[in-house]
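A.B. asks: Give me a model of this one.
(6 chains)
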Number of protein chains: 6
Amino acid sequence: MKLRLGLPKGSLQEITLDLFRRAGFNVNLRERSYLPDIDDSELEPMLIRGQEIPGYVSDGTLDAGLAGKDWIEESGVSVREVAELTYAKKGFTPVKWVLAVPQSSRIKTVADLRGKVIATELVNVTKNYLKDHRVKAKVEFSWGATEAKPPKLADAIVELTETGGSLRAHNLRIIDTLLISTTRLIASKESFQNKWKKVKIENLSTLLKGALLAEGKVGLKMNVPDSKIKKILSILPAMKSPTISKLSGKGWSAVETIVDERSARDIIPKLKRAGAEGIIGYPLNKVIY
Amino acid sequence: MKLRLGLPKGSLQEITLDLFRRAGFNVNLRERSYLPDIDDSELEPMLIRGQEIPGYVSDGTLDAGLAGKDWIEESGVSVREVAELTYAKKGFTPVKWVLAVPQSSRIKTVADLRGKVIATELVNVTKNYLKDHRVKAKVEFSWGATEAKPPKLADAIVELTETGGSLRAHNLRIIDTLLISTTRLIASKESFQNKWKKVKIENLSTLLKGALLAEGKVGLKMNVPDSKIKKILSILPAMKSPTISKLSGKGWSAVETIVDERSARDIIPKLKRAGAEGIIGYPLNKVIY
Amino acid sequence: MKLRLGLPKGSLQEITLDLFRRAGFNVNLRERSYLPDIDDSELEPMLIRGQEIPGYVSDGTLDAGLAGKDWIEESGVSVREVAELTYAKKGFTPVKWVLAVPQSSRIKTVADLRGKVIATELVNVTKNYLKDHRVKAKVEFSWGATEAKPPKLADAIVELTETGGSLRAHNLRIIDTLLISTTRLIASKESFQNKWKKVKIENLSTLLKGALLAEGKVGLKMNVPDSKIKKILSILPAMKSPTISKLSGKGWSAVETIVDERSARDIIPKLKRAGAEGIIGYPLNKVIY
Amino acid sequence: MKLRLGLPKGSLQEITLDLFRRAGFNVNLRERSYLPDIDDSELEPMLIRGQEIPGYVSDGTLDAGLAGKDWIEESGVSVREVAELTYAKKGFTPVKWVLAVPQSSRIKTVADLRGKVIATELVNVTKNYLKDHRVKAKVEFSWGATEAKPPKLADAIVELTETGGSLRAHNLRIIDTLLISTTRLIASKESFQNKWKKVKIENLSTLLKGALLAEGKVGLKMNVPDSKIKKILSILPAMKSPTISKLSGKGWSAVETIVDERSARDIIPKLKRAGAEGIIGYPLNKVIY
Amino acid sequence: MKLRLGLPKGSLQEITLDLFRRAGFNVNLRERSYLPDIDDSELEPMLIRGQEIPGYVSDGTLDAGLAGKDWIEESGVSVREVAELTYAKKGFTPVKWVLAVPQSSRIKTVADLRGKVIATELVNVTKNYLKDHRVKAKVEFSWGATEAKPPKLADAIVELTETGGSLRAHNLRIIDTLLISTTRLIASKESFQNKWKKVKIENLSTLLKGALLAEGKVGLKMNVPDSKIKKILSILPAMKSPTISKLSGKGWSAVETIVDERSARDIIPKLKRAGAEGIIGYPLNKVIY
Amino acid sequence: MKLRLGLPKGSLQEITLDLFRRAGFNVNLRERSYLPDIDDSELEPMLIRGQEIPGYVSDGTLDAGLAGKDWIEESGVSVREVAELTYAKKGFTPVKWVLAVPQSSRIKTVADLRGKVIATELVNVTKNYLKDHRVKAKVEFSWGATEAKPPKLADAIVELTETGGSLRAHNLRIIDTLLISTTRLIASKESFQNKWKKVKIENLSTLLKGALLAEGKVGLKMNVPDSKIKKILSILPAMKSPTISKLSGKGWSAVETIVDERSARDIIPKLKRAGAEGIIGYPLNKVIY
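C.D. replies: Numbers count the residues shown, from 1 in each chain, chains lettered A, B, ... in the order given. Purely as a prediction, here's the structure:
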């Protein structure tokens, strides 16, 4: 039994392969190959352009795959979304598809697009958006470099943005957001009717989510006098209850928890003031709640 | 007056900008910009995906541009081809679009494609080719990674190849060649009716061709006794007649010519045996016949 | 409320930004900017040459900053030293400012400097040092490349050294050490009178010291039969008492502690011989006692 | 007292120095030096070609060294093997020395080598192998590039292979495996009669094995309801018994163990299904059983 | 006899050493050395901060040196300027020292600086400039990162700019230009009274200028019918008269000249239209008029 | 007909392939291959360790090859030396094999080696040298890292040196030079009896020497008043007579010659003083006298 799995070639490729590595798979790509080597004989991964993965999963050519919500919407096909994996090209946040026009354009709202030319790679999503707003405009497929098109080659664009940097660099102004997109683990309906495949996909989901959750998290461990445990617990984030164990013979307990690296810097000084001692922070590979 | 000029963004981008540099333009691209800086105030270059350049030149949005013959054919529009510039992604040879199938496929000729699925980025060219051969088959647009599709995602592909390496790496067999493509300097019809634009485009053509011609050529210069000039000339390639000048006072002449770097290694030992002395080879920036 | 914070631009810059990252801040510097982006809206960091930070903190232009003890001394201003952070350009040890002369020079002690020319970037510290030794000599400000000046452009130099490598490479002999310098977190007097600023600076101090302390430390964890705990504890460094907890039902305890990576290699074989089992070493991000 | 230690220069050099670093030594190599700096004054390491280390250890010139089993066999000398360290040039698996011939060769078994020319760097091992099989053939010492020799410069080769990639690239077929080799910590007989040296070598063995064992391992920690501990333990690998400790007041225990990174991906989904909560994976530096 | 020669360490260092290489010297700098190796035993080069070179040349410590006009002015000393060499950090154009203020500042002209704080590395030039404009303001020495100082740490700055990019990035507006600076070959007065040194310095001047002049120039060679020589000559730049020689027996001449790479692209199409044939462009190492 | 040609794999490999490229061959090496692709169907190059090339040429396995004089001597075989090509690992000078001992050794001359151990890769050459000096000593084959062996692992070494840097770094003192070695184009005796092969090898010799000769040479061209030609010629190096041609109608001639880049810097200022005008220097690819 093999699970045929589509992985996105191109901008999401490296971060996807890294995510698999952090999830415990040894995965490598030989030069000019689209069939990654993976040390799990039950997986048959294949690199395919992200735009095409929803289609191939939907028609059963693939059992499962990773694809952006954006291209799932664009393709209009029906697939099962098993897990939301919040990462994109440049990091661990969603991407947005926005409607943008030149800073100096008179277009202020979607209504002003009537009769205009809009360039985008996401033609169907854009057409549906215009239909919802009852605006008639020309939507042109763009092969890329879309940000450079206004004002000469288009009046507006619908384009992906992670940090907004490229839009700013091209002097574009955002008018509206059409779609906020994250990566999804999708499966075909047939594959979920096969028990072996269903379990395999769910295991994959557990491991990928566990690796992703560890990103930006840190383990915190400290010794606390029993009399101050309540206060210490009130400082720790409520997310998941910390693990507490008695230390040998002196009225102290060990408290251990997982926090966001970012919140650690606020919590640690408070913990110290509240009486925690020997606070250490350590890195994590996986976090599975 | 400005000449609006489309340059191909993507795989041809670097080699195109280098060609402009060798032709004498100081051209730079700031990060995230698609509008190269160029030290010629009469040129307004813009990076656009090669697939879109023929369309924008044809409808007059651009005055001129560089585009592959393949995408000129694919777009089906009418433009003026001013110069053929023989270079492609990886060097100074044409590229080919070929019909290929897996080594183990039963498909041997185009006729065997009847009812099959063909994946390609060059949908129109492929459809026309099938029509010419009176074969009905399904042509699917491929977003990329096309070589990896057969046999699971397609029966055959029409794909670009420069060295054949990628096809070999994917165990594909070439059945036919649909198109041999080089880069072209194209112009809109309107721009050739404007005298200033016409001269500007022709000058650009002269400079780009001159820079390209110098590629792989070398200057050869030698001293020859007058009695042996005839023999020496018979060794030199007939392409262009060499430049001969008398040296001061001793029955010798200087002979100077341009040869292919590759043929130089055959010619030089012959020249030496035929009596040429002080043979030197020197590099060239430009060659304009 | 914002804390205006000076960070040293130049040789300490990268290691300082890394220290902030390890302390839990996401800090980035855009090209050509001196205002790092930081994901803490209460901090307003600014890159300033280390030589100038003490002055700007002293006069209240900045609330706090990181600066070398050397430039605090050189500037002669009055600031509050909140924490000593032992790191310098090349690592986690102090730097020294030394008086050096050519190997072949007749100068043997500071007394021999009478009437000589001394080149240095640290003019005031050097002048004070000479005054303390009652030696009159000419101190010249050096813009850099100071090690290359003797014997042609100076008789002696006062120069910073971390490993001594550059002095050896220039055939210089050290005569005396003027100053041993580490980085300091400094604050203006006004900022410590503002309660919010005081707490913010102290929190920063806790986090930076915690990240620095984790450097070169490793966590050690092992299982120990209760009968051997005493012996095991006698092997562990006395620095901080280890954490001991009972394991479930078999007369064993878990012992956990933090040791220097360097001393771990001496301790581990002893622990094993003394009966510890399942010893593991794990990395640390932060250590706050 | 100093322990004179031979480390393999060349292909094993970098991975060996890294192993020492992970074992807790700060070791550096200055350009063009063969005497690494190490922060342990009792060690005197020296880089020597791996082929020569067994000989120098055997005759007492060195006290100990790291050498491949292959070159220990080839040199034919007598040394004490203190530890087997499973790593080689490209990773943490053994290497093989194989007998290989061109794909198209008629040679099928060692018996077909009679009267043929075999090129190899491992001349003695090859001669012994042929003697064992009672085959007379010519064994030629090869200075390198051995894979390229058949069929023009040799009929067969005996050559090292880690992944088989180089043999495949040269169209060679493996006929037999002569030797599977890992790195060994070896010592001279004299050094083991000196108590100080014996302990020092054994400590080194503990530390190197501990660092190597941590490679590819990960720590797993989870909270488990007491009622499910048995089931959880049945899922964990039997290798070493996990550490279990009671949590404070609610019928839960903490279970902690070490597993192969590779097996973690099979175990984790099972643990979750069996009722483990808050599973975390964390990296390890050292594992000493 | 040796010529003691100061070369600028730091931002001008690499381009200066390259210029010497193009001038025919084999010059290398060993790591951490300030005394470049050069294959001319009559030269004794030394890397010194550009700020200090004028002083050392003026007082005769050095015979000659390369220094920016800016630092010659700043140091206020008297040296002989032998040659102007138009290059700076980033290329072959002069640099400017400009007075700049924040975009939003009310300061519009130098007169508005009265009572303000101006930060600069060029303190004396700035003070002289203010004196010339009869403006009293505070000039503070800046150790660097000067662009980041306004508006918090200074009201205005006097700073070097080559492309203006750094000023734009810091939102600064240029009010005035104080100095346009190129690199100069300077000599001490004493050295010009020594005949050997004077000739050596003048030779150096010839070679450096020759190498610099070749930068951005290209050789052009073409065959011209004698009847069209006049027309061809009218197209070539008047700078230097071209070299014309008769070709053997057919009413043609060879015309050879040197032009700016930049102007070549305008000239070449004209030459071709005017009847020149076999035009070639070739690279130059040196041009000495 | 094919010429089987051995090229040295390893330290001479890159510089040898570059030399072929400068000689006009397009030669490439695919990863892990020892059979370079070359665009001359009459050549069949093969990368072989330099130590083995003389043997394979001598016994006719190869027709010709490039090998160091050192390994020709060491192998003791008989081959025809067609051309001396003065280049080595690091550049265009010969290498030396020297006898060296530690700085502090009592060994002063070869005679002091009696009874000592000498480590070297060049065993036969060393033995012959000792025999010539009637000294009995033990010569041990060294697999490499030979410089590090004295004094612990050997008393003296015979080792290759290009710049002396490695010997200095290991505190070794040179006692004698055994061999000065350059690269040679060698041929088998049989190949010179075949006319086609003989011509092919001689052509190769012409091209390789021509490419090597151009290294470090530069073309010089200038205009000279006829009255000053004699003086100008007296300045130019006598090596090869310069090419002189009359310029059109004004008592001037063009003088053109080839000089060492290194001597150009002495000649150019003299030429200018002697009345040469418009002196240009240009790069050369090949020089064949």
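A.B. asks: give me every residue that touches residue A:288.
C.D. replies: A:206, A:209, A:210, A:213, D:268, D:272, D:278, D:279, D:280 (C-beta atoms under 8 Å, 6 or more residues apart in numbering or on different chains). Backbone N, C-alpha and C define where each C-beta goes, glycine included.
A.B. asks: and those, which of them are in strands?
C.D. replies: Using DSSP state E, the subset of these located in strands is D:278, D:279, D:280.
A.B. asks: filter those down to the ones near chain A?
C.D. replies: Applying C-beta under 8 Å from any C-beta of the partner chain, the subset of those adjacent to chain A comprises D:278, D:279, D:280.
A.B. asks: If the last one is in a bridge, with which residues?
C.D. replies: Put plainly, it is residue D:280. residue A:287, residue D:221 (DSSP bridges).
A.B. asks: Now do the contacts for it.
C.D. replies: Going by C-beta under 8 Å, 6+ apart, residue D:280 touches A:214, A:219, A:258, A:284, A:285, A:286, A:287, A:288, D:220, D:221, D:222.
A.B. asks: From chain C, how far off is it?
C.D. replies: Distance, residue D:280 to chain C, using C-beta to the nearest C-beta, to the nearest Å: 12 Å.
A.B. asks: How about the second one?
C.D. replies: Distance, residue D:279 to chain C, using C-beta to the nearest C-beta: 16 Å.
A.B. asks: For that residue, which residues are in contact?
C.D. replies: A:210, A:286, A:287, A:288, D:220, D:221, D:222, D:268, D:271, D:272.
A.B. asks: what do you get for the first one?
C.D. replies: Taking C-beta under 8 Å, 6+ apart as the criterion, residue D:278 is in contact with A:240, A:243, A:258, A:288, A:289, D:222, D:223.
A.B. asks: Quickly note the distance from the fifth one to chain F.
C.D. replies: In this structure, residue A:289 lies at 46 Å from chain F, with C-beta to the nearest C-beta as the measure.
A.B. asks: so that residue touches residue D:277, yeah?
C.D. replies: Yes - here residue A:289 lies in contact with residue D:277, judged by C-beta atoms under 8 Å, at a distance of 6.9 Å.
A.B. asks: circling back: closest one to residue A:40 out of the contacts of residue D:280, please.
C.D. replies: Among those, residue A:286 lies closest to residue A:40 (C-beta to C-beta), at 16.5 Å.
A.B. asks: just checking, the closest one touches residue A:214?
C.D. replies: Yes - the criterion here is C-beta under 8 Å, and residue A:286 meets it with residue A:214 at 5.1 Å.
A.B. asks: Name the residues contacting each of the two.
C.D. replies: With C-beta under 8 Å, 6+ apart as the test, residue A:286 and residue A:214 both reach A:22, D:280, D:281.
A.B. asks: Could you pull up phi and psi at the residue in the stretch 151-289 of chain A that chain E sits nearest to?
C.D. replies: With C-beta to the nearest C-beta as the measure, residue A:169 is the residue of the stretch 151-289 of chain A nearest to chain E, at 13.1 Å. Main-chain torsions, residue A:169, degrees, to the nearest 10: phi -60, psi -30.
A.B. asks: just so I have it, where are all the strands in the stretch 51-200 of chain A?
C.D. replies: A:64-68, A:80-85, A:95-102, A:117-120, A:138-141, A:156-161, A:172-181, A:183-187 (DSSP state E, counting those that start in this stretch).
A.B. asks: and those strands, which is most packed in?
C.D. replies: Comparing those by mean neighbour count (mean count of other C-beta atoms under 10 Å in any protein chain shown), strand A:64-68 comes out on top with a mean of 27.
A.B. asks: which residues sit against that strand?
C.D. replies: A:3-8, A:12, A:16, A:48, A:50, A:53-54, A:56-57, A:82, A:85, A:88, A:95, A:181-188, A:191, A:197, A:201, A:204.
A.B. asks: same thing with stretch A:28-37?
C.D. replies: A:7, A:9, A:17, A:27, A:45-48, B:145, B:147-148, B:165-166, B:169-170.
A.B. asks: swap the cut-off to 7 Å and go again
C.D. replies: Residues outside stretch A:28-37 that contact it (C-beta atoms under 7 Å, 6 or more residues apart in numbering or on different chains): A:9, A:17, A:27, A:45, A:46, A:47, B:145, B:148, B:166, B:169.
A.B. asks: The second one: neighbour count?
C.D. replies: I take that to be residue A:17. 19 (other C-beta atoms under 10 Å in any protein chain shown).
A.B. asks: Name the SS class of it, please.
C.D. replies: helix (DSSP: H, G, I helix; E, B strand; the rest coil).
A.B. asks: How about residue A:186, nearest residue that isn't a chain neighbour?
C.D. replies: Nearest residue to residue A:186, sequence neighbours excluded (C-beta to C-beta, 6 or more residues apart in numbering or on different chains): residue A:79, at 4.3 Å.
A.B. asks: Let me know the pLDDT of the one you found.
C.D. replies: pLDDT for residue A:79: 96.
A.B. asks: Could you do the one 5 residues further on as well?
C.D. replies: The model reports residue A:84 with a pLDDT of 96.
A.B. asks: cool, residue A:166 as well?
C.D. replies: pLDDT at residue A:166 comes out at 87.
A.B. asks: got it, and residue A:31?
C.D. replies: pLDDT, residue A:31: 76.
A.B. asks: burial count for it?
C.D. replies: Look at residue A:31: counted by other C-beta under 10 Å, it has 8 neighbours.
A.B. asks: before we move on, what about the one 3 residues further on?
C.D. replies: Each residue near residue A:34 was counted by other C-beta under 10 Å, and the total is 20.
A.B. asks: ok, back up a step: are any of the contacts of residue D:278 buried, and which?
C.D. replies: The neighbour count (16 or more other C-beta atoms under 10 Å in any protein chain shown) marks A:243, A:258, A:288, D:222, D:223 as buried among the contacts of residue D:278.
A.B. asks: show me where chain A has helices.
C.D. replies: A:13-22, A:53-58, A:69-75, A:123-132, A:165-169, A:189-193, A:195-214, A:229-235, A:261-273 (DSSP state H).
A.B. asks: Determine the set of other helices and strands touching the fourth one.
C.D. replies: Helix A:123-132 is packed against helix A:69-75, strand A:138-141, strand A:172-181, with contacts defined by 3 or more C-beta pairs under 7 Å, 6 or more residues apart in numbering or on different chains; DSSP states H and E.
A.B. asks: Would you reformat these as CSV and include distance to chain C and mean pLDDT?
C.D. replies: Shown next, in CSV, are the helices and strands packed on helix A:123-132 (distance: least, C-beta to the nearest C-beta, whole Å; pLDDT from 0 to 100):
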stretch, distance to chain C, mean pLDDT
helix A:69-75, 25, 96
strand A:138-141, 34, 95
strand A:172-181, 19, 96
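A.B. asks: so which of these comes closest to residue D:110?
C.D. replies: helix A:69-75 (56.9 Å).
A.B. asks: Can the closest one be said to contact chain B?
C.D. replies: No - figure legend: helix A:69-75 not in contact with chain B (C-beta under 7 Å from any C-beta of the partner chain); closest approach 9.7 Å.
A.B. asks: Packing partners of that helix?
C.D. replies: Checking 3+ C-beta pairs under 7 Å, 6+ apart, helix A:69-75 ends up next to helix A:53-58, helix A:123-132, strand A:172-181, strand A:183-187.
A.B. asks: and stretch A:17-27 with chain B, contact?
C.D. replies: No - contact of stretch A:17-27 with chain B (C-beta under 7 Å from any C-beta) is absent, the minimum separation being 14.7 Å.
A.B. asks: Report the buried residues of that stretch.
C.D. replies: Buried-residue list, stretch A:17-27, by 16+ other C-beta under 10 Å: A:17, A:19, A:20, A:22, A:23, A:24, A:25, A:27.
A.B. asks: Restrict these to those that also contact chain D, please.
C.D. replies: Among those, chain D is touched by A:23, A:24, A:25 when using C-beta under 7 Å from any C-beta.
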